[in-house]
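K.L.:
Pasting the sequence and the predicted model now:
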Amino acid sequence: MLGVLVFLTGLFVSIAAHEAGHMLVARRSGGRVSEFMVGFGPRVVSFKRGHTRYGLKAIPFGGYVRILGMRPPGQGEPAETEEERSVPGEDFYRLSAPRRTATLLAGPLANLLLAGILLTFVVSVLGIPAASSRIGAVRECVSTGACSAADQASPASLAGLRAGDEILLLDGVPVSSWEEISSTIASRTPGYVLAVTVESGGERRTVQARLAANPVDAGSGLLGVSPEIVSVRRPPTMVPGLLVEQSRNVLGAVLGFPVRVIGTFDDALRGEERDPAGPVGLVGVGRIGADIGDAPAPLGTRLGQLFVLLAGLNVSLGVFNLIPLLPLDGGHIALTWFETLRSRLARLRRRPDPGPVDMRRLMPVTNLVVVFFVVSTLLLVFADVVNPIRMP
């Protein structure tokens, strides 16, 4: 239940943060905000504070902020109720382009900010999992699968190495990281006798281990040990780089999204193994969160993985909403600056201001984008249910 609880709470906070970003900047820009809702469908609970009604709806996978006057009258804008007409401020379409842009950008930026906060907590408080120079496990045999009586015993088990031993020297040369340990072992050929100096319980000893052939690379030596994983705290200065890397990955995934969704659906139909790096829907993310919560790992490790998962979700929400397609925030931003550029060109040419774009003309394209998102969501839900990605 830990993974499900953390994921659902994180999803709620992520949606609320996105909508709060829009609402706060809209008010600051002089706009009129009448509703702030998390969820869709029937209203579960609501209350009014000031001129804005806040509430929760039954389907928690989304939300919205109703900013009045998004489009001029007669362009499909819902009629205002008597209560909404009393909300002070200016219609959104009358605000300057910078103020409208700031309002539209605030939602995605709130998600990126939340992702940064989550990653900072993981990096600087919980710590990042890293391999230490201490042995975490000793393989019983050379085989990569389950050991049988016919399998060759691993050099580490024959030499008497144990979990908890800290490797200090290899052939008399000090080693301080698992990268040094693994690269030194891999550089030796099979049959080489490696002197391994370890320390455990304050006692230091040196053993001789005749390396076996690595099943993955027959030319490299194999000792048969794996590292102990520890949490290492890092400075928060590394978080911006992580955000940039995640944003780049999301952008790359978005560019190939249609093809990858079809491939994921096809794999699910044929029962083939799911690509762990492929697209995944909210159902799939929820199942991954449940797997993390149930994993036999320390609480801090599981929480760190869940927070990283939620950070990735927020980066995806932020970057995805900046795509310049209606009805996404990026589409409205692109439309705002198209209208502004068109008005300035008309002024330079001493022609009448053409005014806002008639949204009714863009509805076919907008509806096509919505249909694509709905179909993609349904395909991913199907794949997440019948062929889910499982945490190792």
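P.N.:
Ah, there it is. Numbering: from 1, shown residues only.
K.L.:
from here on, contacts and neighbour counts on C-alpha atoms
P.N.:
OK.
K.L.:
contacting residues around the residue nearest to the spatial centre of the chain?
P.N.:
Of all residues in the chain, the one closest to the mean position by C-alpha atoms, centre = their mean is Gly312, 1.3 Å from it. By C-alpha atoms under 8 Å, 6 or more residues apart in numbering, the contact set of Gly312 is Ala115, Gln246.
K.L.:
As a check, name the ranges of all helices in the chain.
P.N.:
Under the criterion DSSP state H, the chain carries helices at the ranges 2-28, 82-85, 97-121, 155-159, 178-187, 239-255, 257-270, 282-294, 299-320, 329-348, 359-386.
K.L.:
Which stretch among those helices approaches Ala58 most closely?
P.N.:
helix 2-28 (12.3 Å; C-alpha to C-alpha).
K.L.:
report the angle between the axes of that closest one and helix 282-294?
P.N.:
Between helix 2-28 and helix 282-294, the angle comes out at 130 degrees (axes from the mean of the first three to the mean of the last three C-alpha atoms, to 10 degrees).
K.L.:
With Gly271 as the reference, measure out to the residue nearest to the centre of the chain.
P.N.:
As judged by C-alpha to C-alpha, to the nearest Å, Gly312 and Gly271 stand 27 Å apart.
K.L.:
before we move on, what about Phe40?
P.N.:
Separation of Phe40 from Gly271 (C-alpha to C-alpha) stands at 33 Å.
K.L.:
who has more neighbours, the two?
P.N.:
For Phe40 and Gly271, the more surrounded residue by other C-alpha atoms under 10 Å is Phe40, and the numbers stand at 16 against 12.
K.L.:
what are the bridge partners for the more buried one, then?
P.N.:
Residues in a beta bridge with Phe40, per DSSP bridges, are Ile59.
K.L.:
doesn't Pro60 make contact with it?
P.N.:
Yes - Phe40 lies in contact with Pro60 (C-alpha atoms under 8 Å); the separation is 6.6 Å.
K.L.:
Only C-alpha atoms, please: export stretch 140-152 in PDB.
P.N.:
What follows is stretch 140-152, C-alpha atoms only, in PDB (Å, rounded to 0.1, in the frame of the first residue of the first chain):
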ATOM      1  CA  GLU A 140      27.800 -19.500  -5.500                       C
ATOM      2  CA  CYS A 141      28.600 -20.500  -9.100                       C
ATOM      3  CA  VAL A 142      29.900 -19.000 -12.300                       C
ATOM      4  CA  SER A 143      26.500 -19.400 -14.100                       C
ATOM      5  CA  THR A 144      24.400 -16.300 -14.400                       C
ATOM      6  CA  GLY A 145      21.200 -18.300 -13.700                       C
ATOM      7  CA  ALA A 146      20.200 -20.700 -10.900                       C
ATOM      8  CA  CYS A 147      23.100 -22.900  -9.800                       C
ATOM      9  CA  SER A 148      23.100 -26.600 -10.200                       C
ATOM     10  CA  ALA A 149      25.300 -29.400  -8.900                       C
ATOM     11  CA  ALA A 150      27.200 -29.500 -12.200                       C
ATOM     12  CA  ASP A 151      28.000 -25.800 -12.300                       C
ATOM     13  CA  GLN A 152      31.500 -24.500 -11.500                       C
END
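K.L.:
How about residues contacting that stretch?
P.N.:
Contacts of stretch 140-152 from elsewhere in the structure, counted by C-alpha under 8 Å, 6+ apart, are Ala153, Ser154, Ser157, Ala212, Asn214, Pro215, Leu222, Gly224.
K.L.:
for it, which positions count as buried?
P.N.:
For stretch 140-152, a neighbour-count test (16 or more other C-alpha atoms under 10 Å) marks Glu140, Cys141, Val142, Ser143 as buried.
K.L.:
Ala150 versus the second one, what's the distance?
P.N.:
Per C-alpha to C-alpha, Cys141 is found 10 Å from Ala150.
K.L.:
go on, Gly127?
P.N.:
Counting by C-alpha to C-alpha, the gap from Gly127 to Ala150 is 42 Å.
K.L.:
in the stretch 201-350 of the chain, what spans have low per-residue confidence?
P.N.:
Judged against pLDDT under 70, the stretch 201-350 of the chain has no low-scoring part.
K.L.:
re earlier: out of the helices of the chain, which is closest to Arg66?
P.N.:
Of these, nearest to Arg66 by C-alpha to C-alpha is helix 2-28, at 8.5 Å.
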